[in-house]
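*Asks:* Next come a sequence and a model predicted from it.
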Amino acid sequence: MFCRNPVDVSWVDKEGFPNNCFTVESLLGLPEAQVQKMPLNGKISLLLTPQPEQYLLYYNLILVHILLNEAHSLGNPFMEGITMQVGKTYNVFVNERVTERLPPPYETNCTDYLKLWKENGGYGPLTGRACTEKCKIDNMLETEGCAAQTISYPGNYAICEDENTSPSDDVIKKCSLQCQEACREISYSLRHEVAFDQTLTVS
């Protein structure tokens, strides 16, 4: 049965505003848990009911942002996901890509983030990109007391009010050198199409 292990997480959208998100089937904090697998022809149906009264601006279009990510990690649907409108039924098609790299002394010089994640109790970055983002946050919290709006990594931390605040070139260089690509990386691409548009039947 799906929709187990729900996790609430805050993500920053493209405008730099924090948003509350909800993820299911997460293995966050569960280092010994197993990923639930589905057959290639498997299907999942989700009924999503957004709450318009929770929107800060009444004239904002009510949207749902969806992202499928590897169960050990969390992903930002505002930066990487697809957008769906209320009143419409969608078919979403999923493509999974698995990348395997070799550790030193091979050229790929990858890092086994999953091993580090398990050793850390089920927390931490699982890709080179996530490692870089976390590194930027850690450095900015130490020097600025807040994280830049452009940084995308889950956690409860202060977001800089000034949209022009960003990590220094030295921090960016330091983090890029510190974080290697993952030895095993799973990513998903989503394609969606409207199956039924209820808004067309409402006068």
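*Replies:* That came through fine.
*Asks:* Give the full set of residues in contact with the most centrally placed residue in the chain.
*Replies:* Nearest residue to the geometric centre of the chain (Cα atoms, centre = their mean): Gly75, 0.8 Å. Residues near Gly75 by Cβ atoms under 8 Å, 6 or more residues apart in numbering: 67-69, 81. C-beta coordinates here come from the backbone N, C-alpha and C atoms, glycine included.
*Asks:* show me where pLDDT drops low in this structure?
*Replies:* Residues of the chain that meet the criterion pLDDT under 70 lie in 1-3, 54-60, 201-203.
*Asks:* Compute the number of surrounding residues for Asp138.
*Replies:* For Asp138, the neighbour count with other Cβ atoms under 10 Å is 15.
*Asks:* isn't there a strand covering it?
*Replies:* No. Counting by DSSP: H, G, I helix; E, B strand; the rest coil, Asp138 is not found in a strand; it is helix.
*Asks:* which residue ranges form the strands in this structure?
*Replies:* For the chain, the strands defined by DSSP state E cover 7-12, 18-23, 63-66, 82-85, 88-100, 184-197.
*Asks:* Partner strands of the fifth one, with direction?
*Replies:* Taking DSSP bridges as the criterion, strand 88-100 pairs within the sheet with strand 184-197 (antiparallel).
*Asks:* Just the CA coordinates for the strand it pairs with, please, in CSV.
*Replies:* Taking C-alpha atoms only, strand 184-197 is exported to CSV below (Å, rounded to 0.1, in the frame of the first residue of the first chain):
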residue,chain,number,x,y,z
ARG,A,184,24.7,5.5,-7.9
GLU,A,185,22.2,8.1,-8.9
ILE,A,186,18.5,7.6,-9.7
SER,A,187,16.5,10.3,-11.4
TYR,A,188,13.0,10.5,-12.9
SER,A,189,11.5,12.5,-15.7
LEU,A,190,7.8,13.1,-15.9
ARG,A,191,5.5,13.8,-18.9
HIS,A,192,1.9,14.8,-18.2
GLU,A,193,-1.2,15.3,-20.3
VAL,A,194,-4.7,16.4,-19.5
ALA,A,195,-7.1,13.4,-19.4
PHE,A,196,-10.2,15.4,-18.4
ASP,A,197,-10.8,19.1,-17.9
